[in-house]
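Participant: Fold the stuff below for me.
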Amino acid sequence: MPRILTYNVHRCVGTDRRLDVGRVADAIAALEPDIVALQELDVGRMRTNGVDQAHEIARRLEMAFHFHPAMKVEEELYGDAILTRHPERKVKAAALPGHERVPQLEPRGALWVEVDLDGRPLQVINTHLGLVPREQQNQAAALAGSGWIGHPDRTGPTILLGDFNVTSASLVYRTLSAKLAPARKIAEKKSASASFPSVLPVLRIDHIFVSPEVRVLDVFAPYDPVTRAASDHLPLVMDFELSSAA
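Facilitator: Residues are numbered from 1 along each chain as shown. Got it, this is the predicted structure:
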C-alpha cells in the first residue's frame, strides 16, 4: 500500500523557534512514506545557515528529489520539492501567476514529477499557493488549466497536493475539486486531518486531490510531540491504491 504526504516544513524552524532539519526528517521518516511533497524549503539561505534543506532531508530519507525554487534572491533559493525512493522523472517545474495589481507578492510555483509505482506511472503535482484570494484564484485556475491538470501529458493516476492556504469553503477548492476529487471526502477511513496550526490543529488548508484511478484508503494528520514541534503545519498523509478506474 503506497503512502504519500504533503508537509509545509516552515524552513525547518519549529514552533519552539528552533531550526532543526533533522527533526523534520525524523518526523517524515517515522511515517514511512513512498512519496513526499514539501513546501517552504530554504536552499543556501543565510537565515537558515546556508543549508540545502531539500538535499539534506532527501539524504536522511535516502530518497531522490527534485526541487523547484519559487523564489530566488541572488544565490538564495526558497521553494518546494518532491522526494521518493521509487524511479522518477521531472515533468515540469514553473511559476504560477500572481495578482496582476499586486506584483510584489511572494512568487509561487508548482512542481510535477512522474513516479513509477511498480511499473505504473503516477503523476504527482506539488504546489504552495499564495495568501491573497485573487492571487489564489489565479493560481488555481492555472493548475486546473492546460498547463497542469489539463495538460495532454497528464493522463492516468494523478495526485495534486500541497499547502493551498484555503479551506474547503473557498472558490479555489471548488475550482480544483471540479477537476480532481478531494481525498478527504472520498477516503474510506475518516481520520482527523486538520493540519494547521500544528500546536492546536483546527484548519484544513493542506489538501490532496486525486484522479479516479487513485483509491483513497485513509487521509490523516499525525499529531504527536515531534510533529507538533517540527513545523507550524502537521504533515497530511494519504494511504492509497491504484485502480484501473477510468
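Participant: Show me what the top helix by length along the chain is packed against.
Facilitator: Identified as the longest helix of the chain according to DSSP state H is helix 133-144. Applying 3 or more Cβ pairs under 8 Å, 6 or more residues apart in numbering; DSSP states H and E, we find helix 133-144 packed against strand 88-96, strand 108-117, strand 120-128, helix 171-177. To be clear about C-beta, it is placed using only N, CA and C from the backbone, and glycine gets the same treatment.
Participant: I'd like to know how many residues surround the closest residue to Ala141 other than its chain neighbours.
Facilitator: Distance criterion Cβ to Cβ, 6 or more residues apart in numbering; nearest residue to Ala141, sequence neighbours excluded, is Thr175 at 6.4 Å. Thr175 is flanked by 18 other residues according to other Cβ atoms under 10 Å.
Participant: Hmm, Thr175 is touching Ala142, no?
Facilitator: No: using Cβ atoms under 8 Å, Thr175 is not in contact with Ala142; the gap is 10.1 Å.
Participant: returning to that earlier point: buried residues of the longest helix of the chain, list them for me.
Facilitator: 135-140, 142-144 (16 or more other Cβ atoms under 10 Å).
Participant: Could you dump the helices and strands packed on helix 133-144 into JSON lines with distance to His66 and mean pLDDT added?
Facilitator: Below are those laid out as JSON lines (distance: least, Cβ to Cβ, whole Å; pLDDT from 0 to 100):
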{"stretch": "strand 88-96", "distance to His66": "5", "mean pLDDT": "97"}
{"stretch": "strand 108-117", "distance to His66": "6", "mean pLDDT": "97"}
{"stretch": "strand 120-128", "distance to His66": "9", "mean pLDDT": "98"}
{"stretch": "helix 171-177", "distance to His66": "22", "mean pLDDT": "98"}
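Participant: Dump those to JSON lines, plus distance to Trp148.
Facilitator: Listed next are the helices and strands packed on helix 133-144 as JSON lines, based on distance: least, Cβ to Cβ, whole Å:
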{"stretch": "strand 88-96", "distance to Trp148": "8"}
{"stretch": "strand 108-117", "distance to Trp148": "6"}
{"stretch": "strand 120-128", "distance to Trp148": "6"}
{"stretch": "helix 171-177", "distance to Trp148": "10"}
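Participant: of these, which approaches Asp224 most closely?
Facilitator: strand 120-128 (23.7 Å; Cβ to Cβ).
Participant: Can you tell me the centre-most residue of this protein?
Facilitator: The centroid of the chain falls nearest to Gly162 when counting by Cα atoms, centre = their mean (2.9 Å).
Participant: ok, now which ones touch the residue nearest to that one when sequence neighbours are not counted?
Facilitator: Excluding its sequence neighbours, the residue lying closest to Gly162 (Cβ to Cβ, 6+ apart) is Thr127, at 4.2 Å. Contacts for Thr127 (Cβ atoms under 8 Å, 6 or more residues apart in numbering) come out as 39, 80, 96, 108-111, 139, 143, 160-164.
Participant: In the sheet, which residues pair with Thr127? Tell me.
Facilitator: Ala110, Gly162 (DSSP bridges).
Participant: okay but Gly162 is in contact with Ala81, surely?
Facilitator: No: if you go by Cβ under 8 Å, Gly162 and Ala81 don't touch, sitting 11.1 Å apart.
Participant: returning to what we had before: dump the contacts of Thr127 into TSV; add distance to Val216 as well.
Facilitator: Shown next, in TSV, are these (distance: Cβ to Cβ, whole Å):
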residue	distance to Val216
Gln39	21
Asp80	22
Leu96	25
Arg108	26
Gly109	26
Ala110	21
Leu111	22
Gln139	24
Leu143	19
Leu160	13
Leu161	12
Gly162	17
Asp163	19
Phe164	17
